[in-house]
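Trainee: For reference, the sequence and a predicted model appear below.
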Amino acid sequence: MVAACAARWAWSAHRVHRVELHHELPNGASCRVAEKAGYEFEGTLCRSYWKPGGWVDEHVHAFLAPEA
C-alpha cells in the first residue's frame, strides 16, 4: 500500500519517527484503508477545523517507526 510504503520511506530516508494520517470522521472508507495499511487508530479530534457547513471531526491514525 502507498501509505505504508510512504511511512517506510520516511523512516529510512529521513529518520522520521512517526507518520500520521487524518481523515474526516464520516469517511469510513479512509478509516479502513488506514487500518489495512497498518496505521493504528489513536483517537478523534473533535471540531478539528472549520469548513463551509460547520466544524469537522477527524480520526487520527499513526504509523510508528520500529523501535531499535
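Mentor: Done, it's in.
Trainee: ok, residue 54 - how many residues close by?
Mentor: 7 (other Cβ atoms under 10 Å). Placement of C-beta: from N, CA and C, glycine included.
Trainee: Regarding the residue nearest the centre of the chain, what is its secondary structure?
Mentor: With distances taken as Cα atoms, centre = their mean, the residue of the chain nearest its centroid is residue 21 (1.6 Å). Following DSSP: H, G, I helix; E, B strand; the rest coil, residue 21 is assigned to strand.
Trainee: The residue nearest to it when sequence neighbours are not counted sits in which helix or strand?
Mentor: Computed as Cβ to Cβ, 6 or more residues apart in numbering, the closest residue to residue 21 that is not its neighbour in sequence is residue 61, at 4.5 Å. According to DSSP states H and E, residue 61 maps onto strand 54-64.
Trainee: List the neighbouring strands of that strand plus their orientation.
Mentor: Sheet pairing of strand 54-64 (DSSP bridges) gives strand 18-24 (antiparallel), strand 40-51 (antiparallel).
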